[in-house]
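**Q** just coords:
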């Protein structure tokens, strides 16, 4: 490769002309966004493998699945796949269980995210200061993250087993209950149980994200606050939280998207039971798929996408704000 | 927070950390202990927190009556190949997204985000039909291709964070010395990126290892099943055999836990660099 073409590729390609100007590196101002065939080909060549895989095995099936929402697509009768407009959507809303499913989804998302955030925040604050075995501690509390949601469901199904579950045994030994509780057979306790399982799983992620953000706060801010005699809670609410607000917002929104779309744990733990009382929208979708009504399941999927796109707007707003906030 | 901690504050802190550690570790301890009890002892009162006699019966059953060795091998092969391929492909796209400015860039990043928002269930039916047309149903190579596609979006975003943490000057200097962009990437950047690449691979591997719904849909025959599919088979029977189930759970969790223990520092960095730096 000739020297000229290399340097062209570099300056036009890096797209960070300002940064390299500061460092005194050679660059040609004003050309960084200019289109050159060479640069275009480079971008295309580097992006191509990823684009092909995702287009063929993710986007194509998703779009094809999306349009099934407007068709009659039943396993019982595959000969009739005619266009039915919004019928699948009205069927979703007409289902008597829909209210329960929707309510459960709300409880599932809020009941998971709030404790995860609070406990994760506390862990991060306390892990900020070095102590002996901190590295080991972090590695140990990180383990739930390596386990699949489905398997976590199975794990907690065993812990909450009504006859031989360890939860009942411990509670009885502590004298908190007299009789074993049939945790997963009663709608109220079943929801509590799946939430506990999800909190077990998700706290770590918050702790890590918040810890990383906390480490970006300069110590001088705290020293100044200490000199002014600010109390601990004042420091928390006036320095720590405002400083990491963007990360907090971002993590919460990412997690909302993720928890909303996380049927695995409930699927493994209760399968949506008892009597549909722990079904959320995405496990409901699995159930309807298993019943063979692909059209209606796809309609549910599109409703999920619509709800989450609203969250994505918040997500993008939260990220855009960032540039001004960071000192 | 930075000043001296009071003794009471320290006590609260370490109590909380201790309780949380117990809560995190106990379920894993309990499933392991259950898997090591003789099948009869699992359903015996009082529950034994430390078994009187240890037994490997549950494990030998998994490899004798069930074909768990085959499932483990299938999962291992598919996850390793898919994880490694996805890491290489994502590296190229992440590099472009970190270092180039171009018009469709934000659209591409949005496209990656959208893949996380759409429930995978919506794609299962059409994917099955597509794989039928390609004659790749019930085929480990087919599942590998699908998993590569599943891994790419998140892996790209994660690796992009890593690339952005490395100063441009590094490869610029190499290119001034006469290396092409491609060889600058492979000979100068990659060695620096190694922790990020290891983290990305492990993350992909764990994702594939844990994936359930795609593999249940695409793999039918017993000899092609992956571990999660086999576990799903265990629970769909009316009565769960908790002895074999616990042993299978331990064997499923163990490899990913070891990987995480080995690379947890890099993974933490990988998760945070993308999102916090944004």
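**A** Now that the structure is in, tell me what you want to look at. Everything numeric in this text was worked out from a predicted model, so none of it was measured. Residues are numbered from 1 along each chain as shown, chains lettered A, B, ... in the order given.
**Q** Isn't residue B:268 up against residue A:212?
**A** Yes - using CB atoms under 8 Å, residue B:268 makes contact with residue A:212 at a distance of 7.4 Å. All C-beta spots, glycine's among them, are computed from the backbone N, C-alpha and C.
**Q** For residue B:185, list the residues it contacts.
**A** Taking CB atoms under 8 Å, 6 or more residues apart in numbering or on different chains, we find residue B:185 in contact with B:95, B:171.
**Q** Now the residue most central in space within chain B: which helix or strand?
**A** By CA atoms, centre = their mean, chain B has its centre lying nearest to residue B:206, at 1.7 Å. Applying DSSP states H and E as the criterion places residue B:206 in helix B:190-210.
**Q** mind checking pLDDT for the nearest residue to residue A:183 once chain neighbours are set aside?
**A** Spatial nearest neighbour of residue A:183, excluding adjacent residues (CB to CB, 6 or more residues apart in numbering or on different chains): residue A:160 at 4.1 Å. pLDDT, residue A:160: 95.
**Q** So what's the residue count around residue A:160?
**A** 24 (other CB atoms under 10 Å in any protein chain shown).
**Q** Against residue A:107, how distant is it?
**A** Distance from residue A:160 to residue A:107, counting by CB to CB, to the nearest Å: 17 Å.
**Q** re earlier: if I look at the residue nearest to residue A:183, how far off is residue A:182?
**A** For residue A:160, the distance to residue A:182 - CB to CB - is 9 Å.
**Q** got it, and residue A:298?
**A** To residue A:182, residue A:298 is 36 Å away according to CB to CB.
**Q** With residue B:116 instead?
**A** For residue B:116 relative to residue A:182 (CB to CB), the value is 36 Å.
**Q** What of residue B:122?
**A** Per CB to CB, residue B:122 is found 35 Å from residue A:182.
**Q** repeat for residue B:85
**A** From residue B:85 to residue A:182 the distance is 47 Å (CB to CB).
**Q** So those two - more neighbours on which side?
**A** Neighbours per residue, other CB under 10 Å: of residue B:85 and residue A:182, the larger number sits with residue B:85, 19 against 16.
**Q** pLDDT of stretch B:264-271, averaged?
**A** Average pLDDT, stretch B:264-271: 72.
**Q** wait, stretch B:182-201
**A** For stretch B:182-201, mean pLDDT is 86.
**Q** Stretch B:217-229 too?
**A** Mean predicted confidence for stretch B:217-229 is 91.
**Q** and that stretch, anywhere near chain A?
**A** Yes - Stretch B:217-229 reaches chain A (CB under 8 Å from any CB of the partner chain) through residue B:228.
**Q** Quick one: the helices in the stretch 1-150 of chain A, in order.
**A** A:3-14, A:17-22, A:37-54, A:60-68, A:87-94, A:98-127, A:134-141, A:149-159 (DSSP state H, counting those that start in this stretch).
**Q** any weak-confidence spans in chain B?
**A** For chain B, the stretches with pLDDT under 70 are B:1-5, B:236-238, B:270-278.
**Q** any idea which helix is longest in it?
**A** Using DSSP state H, we find that the single longest helix of chain B is helix B:242-277.
**Q** which ones are touching the closest residue in space to residue B:190 that isn't next to it in sequence?
**A** Distances taken as CB to CB, 6+ apart place residue B:197 nearest to residue B:190, at 7.1 Å, with adjacent residues excluded. With contact set as CB under 8 Å, 6+ apart, residue B:197 has these partners: B:87, B:91, B:159, B:190.
**Q** Among the residues you listed, which ones are in helices?
**A** Of the contacts of residue B:197, the ones assigned to helices by DSSP H are B:87, B:91, B:159, B:190.
**Q** Out of those, the closest to chain A would be?
**A** residue B:91 (9.2 Å; CB to the nearest CB).
**Q** check contacts around the residue nearest to that closest one when sequence neighbours are not counted.
**A** What sits nearest to residue B:91 in space, not counting adjacent residues and going by CB to CB, 6+ apart, is residue B:159, at 5.8 Å. Residues near residue B:159 by CB under 8 Å, 6+ apart: B:87, B:90-91, B:94-95, B:193, B:196-197, B:200.
**Q** switch to 10 Å and redo it
**A** Residues in contact with residue B:159 (CB atoms under 10 Å, 6 or more residues apart in numbering or on different chains) are B:87, B:90-95, B:97-98, B:193, B:196-197, B:199-200, B:270, B:273-274.
**Q** cool, and residue B:41?
**A** When contacts are counted by CB under 10 Å, 6+ apart, residue B:41 is found next to B:34, B:47-48, B:51-55, B:57, B:243.
**Q** Flag every buried residue along stretch B:137-157.
**A** When burial is assessed from 16 or more other CB atoms under 10 Å in any protein chain shown, stretch B:137-157 yields the following buried residues: B:137-140, B:142-157.
**Q** Next step: these restricted to helices.
**A** B:140, B:142-157.
**Q** Give me the distance from stretch A:205-225 to the chain's centre.
**A** Its chain's C-alpha centre and that of stretch A:205-225 lie 22 Å apart, by CA atoms, centre = their mean, to the nearest Å.
**Q** do the same with stretch A:283-303
**A** Mean C-alpha position of stretch A:283-303 versus that of the full chain (CA atoms, centre = their mean) differs by 21 Å.
**Q** end-to-end on it?
**A** 14 Å (CA to CA, to the nearest Å).
**Q** Now for residue 76, how many residues are close by?
**A** I'll assume chain A. Residue A:76 has 8 neighbouring residues, counting by other CB under 10 Å.
**Q** sorry, should have said chain B
**A** Neighbourhood size, residue B:76 [other CB under 10 Å]: 15.
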